[in-house]
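[1] output the structure for:
(one chain, ligands or ions: 1)
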Amino acid sequence: MKCVENEHPEALFEFGFRQYFNYMVVDQGLKRLERATALQNTEATYIVSLIYIYTGEEEKGVKLLENTINSIGSAGIVQCRRKLRDMEKSNWMRNNFVVDYMPQPHLFCKQKLQHEKNLSAWAGLYDENAENTISCLTCKCVREINVFYTIVKGLLIRHV
Ligand SMILES: [Zn+2]
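    Residues are numbered from 1 along each chain as shown. Down below sits the predicted model:
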């Protein structure tokens with residue numbers, strides 16, 4: 001706990017994550033994740049934006065997610081997905097119904113088919129080159145919203 005007290009961003013992120021998703025101390029967990037976000041921890045920022053989106057603060061969450069995608073690019077996003085998947089695998093997500101509390105997010109892109117036309121149907125979620133074929137920021141956000149749901153619910157095929 002020393003690292004958490006000393007506000008080491010990575011430690012704050014991991015502890016906050018466990019509080020939120022595993023111990024279900026959601027208020028404190030979110031606070032720690034937000035603190036890690038303020039300290040520029042990328043994975044925390046990614047998770048916090050998606051928590052906002054799934055808990056009724058969609059506008060705020062989408063804004064944060066857009067900024068994150070712009071600053072870390074496809075490689076960074078793929079990295080965040082991996083981290084989320086690894087946390088889910090380590091059984092840290094008892095609170096997987098967090099994505100079911102609220103109505104589903106509203107964000108969508110009318111030109112999705114056009115914007116994702118170069119995305120291979122076989123591309124895995126951890127392929128940054130595949131992600132690079134999408135340039136529409138809205139489509140990118142919608143993808144993360146769906147990826148988050150899939151991973152949090154444990155619906156992802158494990159080997160991809
Ligand atoms: Zn689009």
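[2] wait, Cys109 sits on Leu137?
    No - taking contacts as CB atoms under 8 Å, Cys109 lies outside contact range of Leu137: 9.1 Å. Heads up, the C-betas are built off the backbone N, CA and C, glycines and all.
[3] buried set for stretch 39-46?
    41-46 (16 or more other CB atoms under 10 Å).
[4] chain center to it: distance?
    Its chain's C-alpha centre lies 10 Å from the corresponding centre of stretch 39-46 when counted by CA atoms, centre = their mean, to the nearest Å.
[5] again with stretch 47-60
    10 Å.
[6] so for that stretch, what's the average pLDDT?
    The predicted model gives stretch 47-60 an average pLDDT of 95.
[7] okay, and Gln79 sits in which element?
    Using DSSP states H and E, Gln79 falls within helix 58-89.
[8] repeat that for Ser49.
    Using DSSP H and E, Ser49 maps to helix 42-54.
[9] other SSEs contacting that helix?
    helix 9-18, helix 26-38, helix 58-89, helix 137-152 (3 or more CB pairs under 8 Å, 6 or more residues apart in numbering; DSSP states H and E).
[10] could these be laid out in TSV, adding mean neighbour count?
    Below are the helices and strands packed on helix 42-54 laid out as TSV (neighbours: other CB atoms under 10 Å):
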stretch	mean neighbour count
helix 9-18	21
helix 26-38	18
helix 58-89	17
helix 137-152	20
